[in-house]
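Peer 1: Attaching a predicted model along with its sequence, questions to come.
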Amino acid sequence: MRSAELKTRRAAGVSPLLPDEAGKPGADAPGSPLLLFEQASKWYGSVLALNQVTLELTGGITGLVGANGAGKSTLLRLATGQLRPTLGRVSIRGTDAWDWRARRLVGYCPDADAFYEDMTGRGFVLVMARLCGYDRREARRRTEAVLTLVGMADRADRRIAGYSKGMRQRIKLAQALLHDPALLVLDEPLSGIDPIGRQELLDLFQRLAAQGKCLLISSHELEALEKLTNHVVIMARGRVAAVGTLPQIRELLDDHPVSVRIDVDVAREVARRLLDLPDVLGVEVVAGADGPGLVVKARNPKRFFPAVGRVLIEEHAEVRRLEPLDESAHAILGYLLGGSGRT
Ligand SMILES: Nc1ncnc2c1ncn2[C@@H]1O[C@H](COP(=O)(O)OP(=O)(O)OP(=O)(O)O)[C@@H](O)[C@H]1O
């Protein structure tokens, strides 16, 4: 039983309370941000997954977006105290996120499902409540409260094996809410969920935020998060590329010059035409493996990129390479101009 319990804890990715500490107030230093990353870096062996991230959350809903491998899950694992930063600090209300006192303030919904499929949703949440250290009666009370909160009270006696993705997500959310955490960390909660289930989940997240919870939600899909919040963190290659409301990020992008590498057969002709464009700040001709290439510095990518496209077509240029050289700008552009930005 002991090993089964431990397996269940790990399976659901929960940070259980210690039995003798359940019910006591959490690690709480009033005035400290709920979640704070201070120059936090994480290496997996030789892979730098998170690079000097500084981030502060105080409340509301924050969307965390980034392409595959951008470092979102690593950031969330650090926030939930499952990993320790190699350098820097991650804290919850002033306490190291790795510390069990901090974990009591955090609820976590992992990306992957790891249920005992033969259990009912209610049975699973109840077991998780017991593992949190609540006695039978309190565990039952909390189980019913969270199942009601996530809209599963009347469907929780069915086996998990028969649940839709949306129902599974709600059960994960229910177990994360058992200890009434201040911060809810949700890793890709919308992935694979149909549009109706998705809207219901978005409504649920909004209700939780209205009740005072702080939510940190990762997603590949900016459009989905855009409906939920305008506080967005964009990640690229382990770094925070931009933080703010979407209008702020768009503005930042318009003001921030981007450097673009363009390798074409008629480099000099294209360079001359590009220099006439109003948003181009400079063009440098550089040597490439297959002939000369251009490094173009420009403002206002929304206007600049379509204009480049027109020049290349008019010059009948054969393009070998066209890519932003700045990873952050690349990521932001991917999201703001090209949809999801998934690579
Ligand atoms: N346990 C690990 N060992 C080695 N490298 C890892 C490990 N976990 C993640 N990485 C690497 O760290 C980087 C960041 O990964 P992470 O999973 O945090 O990104 P992500 O944005 O969540 O991506 P995805 O959307 O694909 O889950 C990637 O290069 C990934 O390959």
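Peer 2: The structure has been received and is ready for your questions. Numbers count the residues shown, from 1 in each chain.

Peer 1: Mind checking what secondary structure the nearest residue to residue 150 once chain neighbours are set aside has?
Peer 2: Of all residues not flanking residue 150 in the chain, residue 170 sits nearest, at 4.2 Å (C-beta to C-beta, 6 or more residues apart in numbering). From N, CA and C alone the C-beta is placed, and that goes for glycine too. For residue 170, the secondary-structure state derived from DSSP: H, G, I helix; E, B strand; the rest coil is helix.

Peer 1: Next one: residue 170 from the ligand, what distance?
Peer 2: 22 Å (C-beta to the nearest ligand atom, to the nearest Å).

Peer 1: just residue 280 next, same as before
Peer 2: 33 Å.

Peer 1: which phi and psi does that residue have?
Peer 2: Dihedral pair for residue 280: phi -80, psi 130, per degrees, to the nearest 10.

Peer 1: likewise residue 293?
Peer 2: The phi/psi pair for residue 293 (degrees, to the nearest 10) is phi -130, psi 170.

Peer 1: before we move on, what about residue 164?
Peer 2: The phi/psi pair for residue 164 (degrees, to the nearest 10) is phi -80, psi 170.

Peer 1: Next: the one 10 residues further on.
Peer 2: For residue 174, the backbone dihedrals (degrees, to the nearest 10) come out as phi -60, psi -50.

Peer 1: count of residues packed around the closest residue to it other than its chain neighbours?
Peer 2: Computed as C-beta to C-beta, 6+ apart, the closest residue to residue 174 that is not its neighbour in sequence is residue 146, at 4.2 Å. Using other C-beta atoms under 10 Å, residue 146 is surrounded by 25 other residues.

Peer 1: Contact partners for residue 146?
Peer 2: Going by C-beta atoms under 8 Å, 6 or more residues apart in numbering, residue 146 touches 125, 174, 175, 177, 178.

Peer 1: For the ligand, state which of the residues you listed is nearest.
Peer 2: residue 175 (21.1 Å; C-beta to the nearest ligand atom).

Peer 1: Shouldn't that closest one be within a strand?
Peer 2: No. Under three-state DSSP, residue 175 sits outside any strand and is assigned helix.

Peer 1: one step back: distance of the residue nearest to residue 150 from residue 159?
Peer 2: Distance, residue 170 to residue 159, using C-beta to C-beta, to the nearest Å: 15 Å.

Peer 1: of those two, who's got more company?
Peer 2: Counting neighbours by other C-beta under 10 Å for residue 170 and for residue 159 shows that residue 170 has the greater number, 26 against 15.

Peer 1: Okay, residue 102 and residue 182: tell me how far apart.
Peer 2: Residue 102 is 11 Å from residue 182, by C-beta to C-beta.

Peer 1: now swap in residue 314 and tell me
Peer 2: Relative to residue 182, and taking C-beta to C-beta, residue 314 is found at 57 Å.

Peer 1: out of these two, which sits in the more crowded spot?
Peer 2: Comparing residue 314 with residue 182 by neighbour count (other C-beta under 10 Å), the higher total belongs to residue 182, at 18 against 11.

Peer 1: Sheet partners, orientation included, of the helix or strand where residue 235 lies?
Peer 2: In the assignment (DSSP states H and E), residue 235 maps to strand 232-236. Using DSSP bridges, the strands paired with strand 232-236 are strand 61-66 (parallel), strand 239-244 (antiparallel).
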